[in-house]
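Participant: got a predicted model here, sequence first, then my questions.
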Amino acid sequence: MRAIFINRFYWPDEPATAQLLTDLAETLATRGQSVIVLTSHSGRADLPSEETHRSVQILRIRSTRWAGRLGVVGQAVDFGTFFLGALLKLFLTARRSDTVIALTDPPLLGIGVWLVSALRGARLFHWVQDIYPEIAMELSGHRWLAAFRPLRNLAWRRATRCITLGADMASVLMEAGVPSDHITIIPNWAPAGTKPTPTSATADLRAQWGLTGKFVVAYSGNLGRVHDLGPVLTVASALRHDAHIAFVFIGHGAQRDVLTTEARRLGLTNLQFRPPQPRSSLAASLALADLHLVTVRPGCERFVFPSKLAGIAAIGRPVLFIGPRDCELTRLVTRSGAAFGYAFVGTDTSAIAERVRSLAQNPVAHAILASASLRYSASVGGAEIAASRWLPSLAESALAASAVPSITKLR
């Protein structure tokens, strides 16, 4: 039985889902699982359309990647060209004995993958990393997008299994009618090679960025609209006269231009913006910070689970979460007896600033939280643990395939 994963990005690309999928696919392959990945082609001349890398067969689909820079319409073009190309490639590739796993980039990919998988007689898994159209509805206010939900819900219900990241996201699937015994929660893990890094390993980067001797508060990752980043500027402004505290944004995204413009307007000399760091430097760039920020915009908390949390925990740094009080991330970060950080709503900027100032002056409290962060990371595990959780579901799917008649009807 082959496992066919479909996602817009895969190695050598480095978006979060590409790193996660690469780690999982390669680990499953080492366990004897036959793995195929359908992904987009970056356009690099030296990158073949088909190759086998670390025992994973990669089929790259020609689709646009540049149009997204032109705005929402261009992004839709990028999504649409991959969506259509991926469905055609899947139709030509899938067999009755296969299990097809649809991720959520592009959004609602699983609807088309369900239809093609049914036509080919393959079983379908949804690996739900983000929940659309709900995210788009919250960010845009376009309630008409709810028209996609019935078909999306049907695709979920008709799947052999839905795998998602946490209890809040699982509850959305159950509300859509997915039976609880068809849902598996497998948290995202830290990218391979992310581990505690000695201070000496970050000394050069700190010196290069003018952060030597500072207590560094960092936001590392996508500066997308699903993240509540405005309060960070307010906190940085409140702490502008604390010369030993510095703020760093590491990453790109839809909010970067707005944030940089506002930071300049406020004259925030204690805040700087840096580009995303390559995966080879990820551990060092994460270890650069003494405290990491994780944020979610209110209204989106049940539809996303920031993957950056796993990387932060793996290098042993405390977390300051900015988001709704009643959500899984708040409960996770501040859980009794195992807290590895703090949680605040976005309007509590004065309290956030005071907490940052207090932690910067209390190395013992910082060390306690850092140790708890490492314990949380150990409980999640890495790609090996995730693969061990995936394999029983894939084996169950293979058994189901052997029992299905050769002619499969679209349910």
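Facilitator: Cool, got the structure. Numbering: from 1, shown residues only.
Participant: residues near the residue nearest to residue 382 when sequence neighbours are not counted, how many?
Facilitator: In space, and not counting its chain neighbours, residue 382 is closest to residue 189: 4.9 Å by CB to CB, 6 or more residues apart in numbering. Yep, even glycine has a C-beta here, placed from its N, CA and C like the rest. For residue 189, the count of nearby residues is 25 (other CB atoms under 10 Å).
Participant: check residue 178 too.
Facilitator: Residue 178 has 22 nearby residues by other CB under 10 Å.
Participant: flag every buried residue along stretch 24-42.
Facilitator: 24-29, 33, 35-41 (16 or more other CB atoms under 10 Å).
Participant: in strands, which of the residues you listed appear?
Facilitator: 35-40 (DSSP state E).
Participant: now flag whichever of those is closest to residue 89.
Facilitator: residue 38 (5.4 Å; CB to CB).
Participant: report pLDDT for the closest one.
Facilitator: For residue 38, the pLDDT comes out at 98.
Participant: so in terms of bridging, what pairs with the nearest residue to it once chain neighbours are set aside?
Facilitator: Closest residue in space to residue 38, ignoring its immediate chain neighbours: residue 6 at 4.6 Å, by CB to CB, 6+ apart. Per DSSP bridges, the residues bridged to residue 6 are residue 38, residue 102.
Participant: ok, now residue 124?
Facilitator: With DSSP bridges as the rule, residue 124 is bridged to residue 100.
Participant: if I look at the residue nearest the centre of the chain, how far off is residue 223?
Facilitator: In the chain, the centroid-proximal residue (CA atoms, centre = their mean) is residue 307; its distance is 3.9 Å. Residue 307 is 15 Å from residue 223, where distance means CB to CB, to the nearest Å.
Participant: equivalent analysis for residue 362, please.
Facilitator: Taken as CB to CB, the span from residue 362 to residue 223 is 29 Å.
Participant: okay, those two: which has more neighbours?
Facilitator: Neighbours per residue, other CB under 10 Å: of residue 362 and residue 223, the larger number sits with residue 223, 21 against 12.
Participant: just checking, that one touches residue 249?
Facilitator: Yes: using CB atoms under 8 Å, residue 223 is in contact with residue 249, at 6.6 Å.
Participant: which residues do those two both contact?
Facilitator: 229, 256, 259 (CB atoms under 8 Å, 6 or more residues apart in numbering).
Participant: and of these, the nearest to residue 49?
Facilitator: residue 256 (32.3 Å).
Participant: list the contacts for that closest one?
Facilitator: Per CB under 8 Å, 6+ apart, neighbours of residue 256: 223, 249, 273.
Participant: and the pLDDT for it?
Facilitator: On the pLDDT scale, residue 256 gets 96.
Participant: check residue 62 too.
Facilitator: For residue 62, pLDDT reads 94.
Participant: tally of neighbours for it?
Facilitator: 12.
Participant: tell me where the stretch 251-400 of the chain has helices.
Facilitator: 256-266, 282-287, 308-314, 328-333, 349-360, 363-380, 383-403 (DSSP state H, counting those that start in this stretch).
Participant: tell me who's in contact with residue 238.
Facilitator: Contacts of residue 238 (CB under 8 Å, 6+ apart): 349-350, 353.
Participant: can I get those in a markdown table with distance to residue 366 and pLDDT?
Facilitator: Listed next are those as a markdown table, based on distance: CB to CB, whole Å; pLDDT from 0 to 100:
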| residue | distance to residue 366 | pLDDT |
| --- | --- | --- |
| 349 | 21 | 98 |
| 350 | 21 | 98 |
| 353 | 17 | 98 |
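Participant: are any of those residues buried, and which?
Facilitator: 349, 353.
Participant: what's the closest of the contacts of residue 238 to residue 367?
Facilitator: residue 353 (21.8 Å).
Participant: not counting sequence-adjacent ones, nearest residue to the closest one?
Facilitator: Nearest residue to residue 353 in three dimensions, chain neighbours excluded: residue 238, at 4.0 Å (CB to CB, 6+ apart).
Participant: assumed residue 248 was part of a helix.
Facilitator: No: looking at residue 248 with DSSP: H, G, I helix; E, B strand; the rest coil, it is strand, so not inside a helix.
Participant: list the contacts for it?
Facilitator: 209, 211, 216-219, 271-274, 288-289.
Participant: which of those residues ranks first by neighbour count?
Facilitator: residue 288 (28 neighbours).
Participant: contacting residues for that one?
Facilitator: Counting by CB under 8 Å, 6+ apart, residue 288 has contacts 202, 205-206, 209, 211, 216, 218, 248.
Participant: then residue 101?
Facilitator: Residue 101 sits next to 3-6, 124-127 when contact means CB under 8 Å, 6+ apart.
Participant: can you tell me how far it is from residue 211?
Facilitator: Residue 101 is 41 Å from residue 211, by CB to CB.
Participant: strands of the chain, start to end?
Facilitator: So, for the chain - with DSSP E - the strands run 2-6, 34-40, 50-53, 56-61, 99-102, 123-128, 161-164, 183-185, 215-220, 245-250, 271-274, 291-295, 319-322, 341-344.
Participant: residue 283: which of these is closest?
Facilitator: Nearest of the strands of the chain (CB to CB): strand 215-220, 11.4 Å.
Participant: which elements pack onto that closest one?
Facilitator: Counting contacts by 3 or more CB pairs under 8 Å, 6 or more residues apart in numbering; DSSP states H and E, the secondary-structure elements packed against strand 215-220 are strand 245-250, helix 282-287, strand 291-295, helix 308-314, helix 349-360.
Participant: what does it contact?
Facilitator: 206, 227, 229, 232, 244-251, 277, 285-286, 288-293, 295, 308, 311-312, 320, 356, 359-360.
Participant: and these, which of them are buried?
Facilitator: By 16+ other CB under 10 Å, those give 206, 227, 229, 232, 245-251, 277, 285-286, 288-293, 295, 308, 311-312, 320, 356, 359-360 as buried.
Participant: neighbours of residue 213, how many?
Facilitator: Count around residue 213 with other CB under 10 Å applied: 9.
Participant: ok, now which ones touch it?
Facilitator: Contacts of residue 213 (CB under 8 Å, 6+ apart): residue 244.
Participant: and if we set it to 6 Å?
Facilitator: With CB atoms under 6 Å, 6 or more residues apart in numbering as the criterion, no residue contacts residue 213.
Participant: good, wrapping up.
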